[in-house]
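Engineer: Provide a 3D model corresponding to the input given below.
(one chain, ligands or ions: 1)
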Amino acid sequence: MACFRWGGVDRRTADPTAFGNAVEPRQPPSPHSGCRVSTGRMPAGESPPLPPGETAPSSPGRLVCVTEVARTKAELATALASLEGTSALVMTMGALHGGHLALVRAAREAADNVVVSIFVNPLQFGPDEDYEAYPRDLAADLALLGTVGVEAVYAPEAAEVYPREPIVRIDPGPVAALLEGKTRPTHFAGVLQVVHKVLNLVRPDMAFFGQKDAQQLALVRTMVADLDMPVEIRAVPIERDVDGLALSSRNSYLSATQRIEALALSQALVLGKDAAAHGLPADGVREVALRYLAEAPGVRLDYLALVDPQTFQEIGPDEGAAPAVRLALLAVAAWVGPTRLIDNMEIELHG
Ligand code: AMP
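Structural biologist: Sure, this is the predicted structure:
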């Protein structure tokens, strides 16, 4: 792994040209280690700024839960030991936004306790990807979590999670080689490695994942089923900005112009969905979306695929022409400037 040294955090300076002006400085070690960051009532007018797509909490003076930040496995164990009742886990890489908060809210409704992990997992980044540049701001993340209220936060350093290079690895199987896996061949092995580890540490009753990363969600479900892991995996729909852009931590890399250009992804998906609703078969749906993306300024397509939501295999050209309704996933990945974005939409193919 080019951008990570086992047994220690790589202090190598991020390439400032890699992501233009959007490179954010690495945060110094958090002053919050093991301490309370949010207690009692949050005074009106002192709420943190809300991310795109978020509305203000209904009452600014409402009770927020105490958030304990565990930086080590031992601190996490201590925090978990004090919790009573059911627990739900939300795993994130930080740089939190309304999409993450939708997961936290779903978890909040489903369980007595919500545990959030914040960890930029080096194992899921390729050597030329944005591991170093990935936005990190623990203080802002904790402030946002305080608006919903969570019981525990696990925010370890890389050396805590991987004190040495792991020897036993999760093999995510053939689905990991499709779509995202074609461009990011080691990505899902790295994702499942860390998901497995954090599930083992937290032992939640349920864990929440976003439909935004549909292939990841499917692979996590497969891992949990195949390895008999005692956790229920729940999916949360994609949170979008009012103009349709799927919320993503990587949206912070986009310039104002790129932010507008990036709308082509969700717009192409909507056009594909409409085409399907008007009875076009799979190939027609793909063609409509592809034509739109081909003409979209500033967008360089990686893939557009219309796949079975379970197997991620491409749906045959004439499928949808049959009388039965078939559920499909229209998924897209594209670069806008140097930033790679993904999005997807469930669509119904009609006869
Ligand atoms: P990340 O921090 O990007 O690794 O994402 C952590 C979790 O949040 C994953 O389960 C994502 O699928 C989910 N997530 C990220 N963005 C969104 C979004 N816009 N809507 C719903 N879930 C999301």
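
Engineer: contacts and neighbour counts: CA atoms only from here.
Structural biologist: Will do.

Engineer: residue contacts, the closest residue in space to Thr92 that isn't next to it in sequence?
Structural biologist: Closest residue in space to Thr92, ignoring its immediate chain neighbours: Ile118 at 5.0 Å, by C-alpha to C-alpha, 6 or more residues apart in numbering. Under the criterion of C-alpha atoms under 8 Å, 6 or more residues apart in numbering, the contact partners of Ile118 comprise Met91, Thr92, Met93, Gly94, Val153, Tyr154, Ala155, Pro156.

Engineer: what number of residues lie near the closest residue to the last one other than its chain neighbours?
Structural biologist: Of all residues beyond its chain neighbours, the one nearest Pro156 is Arg71 (4.4 Å), with distances taken as C-alpha to C-alpha, 6+ apart. Neighbouring residues of Arg71 were enumerated by other C-alpha atoms under 10 Å; the total is 19.

Engineer: pretty sure Arg71 sits against Ala155.
Structural biologist: Yes. With the criterion set as C-alpha atoms under 8 Å, Arg71 and Ala155 qualify as a contacting pair; they are 5.2 Å apart.

Engineer: following the helix or strand bottoming out on mean pLDDT in the chain, which helix or strand comes up?
Structural biologist: Ranked by mean pLDDT, DSSP states H and E, the helix or strand of the chain with the weakest confidence is strand 68-70, at a mean of 84. Using DSSP states H and E, the helix or strand that directly follows strand 68-70 along the chain is helix 73-81.

Engineer: give me the distance from that next one to the chain's centre.
Structural biologist: On the basis of C-alpha atoms, centre = their mean, to the nearest Å, helix 73-81 sits 24 Å off its chain's mean C-alpha point.

Engineer: that one - what's its average pLDDT?
Structural biologist: Helix 73-81 shows a mean pLDDT of 97 in the predicted model.

Engineer: which elements pack onto it?
Structural biologist: The criterion is 3 or more C-alpha pairs under 8 Å, 6 or more residues apart in numbering; DSSP states H and E, and the helices and strands that helix 73-81 contacts are strand 68-70, strand 152-154, helix 187-202.

Engineer: following that helix in sequence, what is the next regular element?
Structural biologist: From helix 73-81 onward toward the C-terminus, using DSSP H and E, the following helix or strand is strand 87-92.

Engineer: got the buried residues for that following strand?
Structural biologist: Along strand 87-92, the positions that meet the burial threshold by neighbour count (16 or more other C-alpha atoms under 10 Å) are Ser87, Ala88, Leu89, Val90, Met91, Thr92.

Engineer: that strand vs the ligand: in contact?
Structural biologist: Yes. In terms of C-alpha under 6 Å from any ligand atom, part of strand 87-92 sits within range of the ligand, namely Met91, Thr92.

Engineer: contact partners of that strand?
Structural biologist: Strand 87-92 is touched from outside by 100, 103-104, 107-108, 110-120, 195, 202, 204-209, with contacts defined as C-alpha under 8 Å, 6+ apart.

Engineer: find the closest residue to the ligand in the stretch 251-351 of the chain.
Structural biologist: In the stretch 251-351 of the chain, the residue that lies nearest the ligand is Asp343 (8.8 Å; C-alpha to the nearest ligand atom).

Engineer: what does that residue show for phi and psi?
Structural biologist: The phi and psi values for Asp343, taken as degrees, to the nearest 10, are phi -160, psi 160.

Engineer: does it touch Gln267 like I think?
Structural biologist: No. Judged on C-alpha under 8 Å, Asp343 makes no contact with Gln267 at a distance of 10.4 Å.

Engineer: more crowded one of those two?
Structural biologist: More neighbours sit around Asp343 than around the other of Asp343 and Gln267, counting by other C-alpha under 10 Å; the figures are 22 against 17.

Engineer: leaving out chain neighbours, which residue sits closest to that one?
Structural biologist: Using C-alpha to C-alpha, 6+ apart, the nearest residue to Asp343 is Val332, at 5.4 Å.

Engineer: could you verify that the one you found is part of a helix?
Structural biologist: No. According to DSSP: H, G, I helix; E, B strand; the rest coil, Val332 belongs to no helix; its state is strand.

Engineer: show me what contacts it?
Structural biologist: Applying C-alpha under 8 Å, 6+ apart to Val332 gives the contacts Leu265, Leu269, Leu301, Asp302, Tyr303, Leu304, Ala305, Ile342, Asp343, Asn344.

Engineer: for His350, give me the pLDDT.
Structural biologist: On the pLDDT scale, His350 gets 89.

Engineer: that one: how many residues sit nearby?
Structural biologist: Here the count is done by other C-alpha under 10 Å, and His350 has 20 residues near it.

Engineer: spatially nearest residue to Val191 (excluding sequence neighbours)?
Structural biologist: Gln124 (5.4 Å).

Engineer: what's the spacing between that neighbour and the ligand?
Structural biologist: In this structure, Gln124 lies at 10 Å from the ligand, with C-alpha to the nearest ligand atom, to the nearest Å as the measure.

Engineer: how close does that residue get to Ala305?
Structural biologist: Noted for Gln124: a distance of 22 Å to Ala305, by C-alpha to C-alpha, to the nearest Å.
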